[in-house]
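Participant: need coordinates for the following:
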Amino acid sequence: MKDKASQLPLRLRKKHGTGQRLDVTAADGGRLVRAQSLRNATVGGLISIIVFSMLWIMLSSLLNRVFPWMTVLLGAMLGFVVQRAGRGVDWRFPTLAAGLTLAGALAANIVVAASYTAETFDTGTLHILKSVTSMTWPVFFDEVWSVADAFYAVLAASVAAFLANRRLSRSQYYALRLWRAESDRHQ
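Facilitator: Numbers count the residues shown, from 1 in each chain. Predicted coordinates for the structure are as follows:
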């Protein structure tokens, strides 16, 4: 138990710990690096894009409106998926999340536009997507894709990149720093 007499009366309570060295080694940091999986992050991200596109189509069909800000939700979802599936601690995972979000924003807008076109022509969304030609793209980018869609896509990519890296505890971060310092010494 702490001695109350040795504490200063105007001193704030310590919240960060005792100040002793953490019991971690560079090997613990190596385990963090080996736990990363770019493949798992990519697969999880692609599945998330497909699921999000279907949910966006259902919501747009149900409410008969397209919400361009839904792309930001895609970015948040992809950021969390890349974080959990990839368990990344370096720059590759935010870059992957941002790239997947930009591609997913474009793909989701294409699928939603195809869904609305399918309702207009009384056919299926897949039939419209199969009928896309090189002459369809200029019409899509002229009539459907707007500056607001591009803005939301970039915003969503930023959110995804921010959320993509694994959240580390103090001891994990220290172990990672030790591992990086050791690997720099060996090169």
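
Participant: does Thr125 touch Ala118 like I think?
Facilitator: Yes: using C-beta atoms under 8 Å, Thr125 is in contact with Ala118, at 4.6 Å. Placement of C-beta: from N, CA and C, glycine included.

Participant: point out where the protein drops to low pLDDT.
Facilitator: Across the chain, the stretches falling below the confidence threshold (pLDDT under 70) are 1-8, 14-22.

Participant: which residue is nearest the middle of it?
Facilitator: Centroid-nearest residue in the chain: Gly79, 1.5 Å away (criterion: C-alpha atoms, centre = their mean).

Participant: for that one, which residues are in contact?
Facilitator: Each residue near Gly79 by C-beta atoms under 8 Å, 6 or more residues apart in numbering is listed here: Ala97, Thr101, Val159, Ala160, Ala161, Phe162, Leu163, Ala164.

Participant: for it, which non-adjacent residue is spatially closest?
Facilitator: Leu163 (2.8 Å; C-beta to C-beta, 6 or more residues apart in numbering).

Participant: host element of the one you found?
Facilitator: Counting by DSSP states H and E, the element that carries Leu163 is helix 147-164.
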